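Visitor: This is the structure alone, sequence omitted:
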């Protein structure tokens, strides 16, 4: 009730988040409130992502085919308009964040190669003739977590590839969120393991909750938030990687 009175989403603890909630409560009982505050923040952001997507994707079961086709036509028109003019500022902001992420990922790649014997790391991006790599994984992650990844209006990725007996990618996928008219974008982080032949969807893990931003924010504000999120994501991703060695 406290969350609702404050104008927030009600706190929902699921089977998947119960262990994290209990751990955060135990830390709070010991005087450390940061884990609990971070848990509340993650749940609120997750609820917001779900709400934004549901507003755009709920379709009545008895809708006629022509209604669905009309909706598809309207969406394609909205995408074309967004690509031509309306979201240019948002796209430029995405490009800026992609560039900053590559800088941080290159630093991590050098540290991995220098400090870990028999391991090497390189940085890649969607500009390296792999524009649609990881696209299916991003859509699947969005569906599993009840938000809409708009990869038609905008999609790009940057990533850190660690080469061992098999390849492991820490991927940052940049895409629209919900309807193109929202002018909101997100960065979905994934950990993807692959052998020399193929990438296996079963080995994809979410690293952190997606980073969400809009063109209404100033560039310095978005950049500051993004770099803080990115540092945590790189640490979390590498921690997941080393736990599975």
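Guide: Thanks, I have it. Please read all numbers here as calculations on a predicted model, not as lab measurements.

Visitor: Quick check: longest helix in the protein by residues?
Guide: When every helix of the chain is counted residue by residue (DSSP state H), the longest turns out to be helix 88-115.

Visitor: can you give me the offset of that helix from its chain's centre?
Guide: Mean-position distance between helix 88-115 and its chain equals 15 Å (Cα atoms, centre = their mean, to the nearest Å).

Visitor: Which neighbouring elements make contact with it?
Guide: strand 120-125, strand 149-163, strand 167-177, strand 184-194, strand 211-214, helix 219-243 (3 or more Cβ pairs under 8 Å, 6 or more residues apart in numbering; DSSP states H and E). (Glycine included, C-beta is placed from N, CA and C.)

Visitor: Of all these, which one is nearest residue 143?
Guide: Nearest of the helices and strands packed on helix 88-115 to residue 143, taken as Cβ to Cβ: strand 149-163 at 8.4 Å.

Visitor: Within its sheet, name the partner strands of that closest one and how each one runs.
Guide: Strand pairing for strand 149-163, using DSSP bridges, gives strand 120-125 (antiparallel), strand 167-177 (antiparallel).

Visitor: Including mean pLDDT, distance to residue 69 and mean neighbour count, could those strands go into JSON lines?
Guide: Output for these, formatted as JSON lines (pLDDT from 0 to 100; distance: least, Cβ to Cβ, whole Å; neighbours: other Cβ atoms under 10 Å):
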{"stretch": "strand 120-125", "mean pLDDT": "94", "distance to residue 69": "36", "mean neighbour count": "18"}
{"stretch": "strand 167-177", "mean pLDDT": "92", "distance to residue 69": "22", "mean neighbour count": "24"}
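
Visitor: can you put the ones you listed in a markdown table and add distance to residue 25?
Guide: Converted to a markdown table, these look like this (distance: least, Cβ to Cβ, whole Å):
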| stretch | distance to residue 25 |
| --- | --- |
| strand 120-125 | 37 |
| strand 167-177 | 30 |
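
Visitor: Could you measure from residue 206 over to residue 147?
Guide: Remark: distance between residue 206 and residue 147 (Cβ to Cβ, to the nearest Å) = 12 Å.

Visitor: for the strands paired with strand 149-163, which one sits closest to residue 224?
Guide: Nearest of those (Cβ to Cβ): strand 167-177, 17.0 Å.

Visitor: which ones are touching residue 95?
Guide: residue 156 (Cβ atoms under 8 Å, 6 or more residues apart in numbering).

Visitor: how much space is there between the residue most central in space within the chain and residue 92?
Guide: Nearest residue to the geometric centre of the chain (Cα atoms, centre = their mean): residue 188, 1.5 Å. According to Cβ to Cβ, residue 188 and residue 92 sit 20 Å apart.
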